[in-house]
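K.L.:
quick check, what structure comes out for this input:
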Amino acid sequence: MLSKRILYILLTTIFLFILNGCGVKYGFTGGSIPEGMKTVNIQYFENIAPLVYPTLSQNFTEALKERIRNQSRLSQVNQDGDATFEGFITDYTISPAAVEAGTDRAAMNRLTITVKVSYHNKLNPKDDFEQPFTRFKEFAGNLQSAQEETLGKEIILMLTEDIYNKAFANW
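P.N.:
This is a model prediction of the structure:
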């Protein structure tokens with residue numbers, strides 16, 4: 001009787017240890033930001049694309065700042081950050097994506113934005129990179145200004161996610 005009770009307690013204890021050890025912890029902030037990194041400097045991304053959308057530079061720069069502010073513990077500084085993002089918007093194009101049958105008109109068009117980003121990590125320079133990031137969205141018919149604003153925001157959201165992941169999640 002006593003040995004069954006000891007066996008039951010032992011098995012229960014083992015089960016609880018196994019149950020406690022199993023599991024995955026998910027987190028949506030911080031990525032793999034180095035332990036000592038505390039500050040980030042995000043420079044203004046000038047639009048040097050041949051086709052200029054007036055508010056694109058401001059919208060992109062602010063969206064990148066917001067993503068880092070919301071998904072990391074880093075404080076933003078105006079200079080000398082532990083990490084620095086800088087670059088240019090190099091392309092903003094609207095091009096045909098699919099031609100309408102029987103005509104030479106575009107049934108679908110594509111808005112593409114390319115940003116060249118330089119990332120510098122003072123704490124771990126081997127993580128530095130300089131590369132372009134490109135994203136696009138397709139739309140039907142002619143681009144209206146309200147639609148252009150919405151598509152631009154959606155593309156910027158994808159671009160800032162790609163940049164954040166490259167810098168902090170090693171994707």
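K.L.:
mind checking which helix or strand of the chain has the lowest mean pLDDT?
P.N.:
In the chain, the helix or strand scored least confidently by mean pLDDT, DSSP states H and E is helix 2-21, which has a mean of 60.
K.L.:
if I look at residue 165, how far off is residue 120?
P.N.:
As defined by Cβ to Cβ, to the nearest Å, residue 165 lies at a distance of 17 Å from residue 120. Every residue, glycine included, has its C-beta placed from N, CA and C.
K.L.:
who has more neighbours, these two?
P.N.:
Neighbour totals were compared for residue 165 and residue 120, and residue 120 leads with 17 against 13 (other Cβ atoms under 10 Å).
K.L.:
show me the shaky parts of this structure.
P.N.:
Low-confidence segments of the chain, defined by pLDDT under 70: 1-31, 99-102, 104-106, 170-171.
K.L.:
show me the helices in this structure, by range?
P.N.:
2-21, 56-71, 145-164 (DSSP state H).
K.L.:
excluding its backbone neighbours, what's nearest residue 57?
P.N.:
Leaving aside its chain neighbours, residue 57 sits nearest to residue 47 (4.4 Å; criterion: Cβ to Cβ, 6 or more residues apart in numbering).
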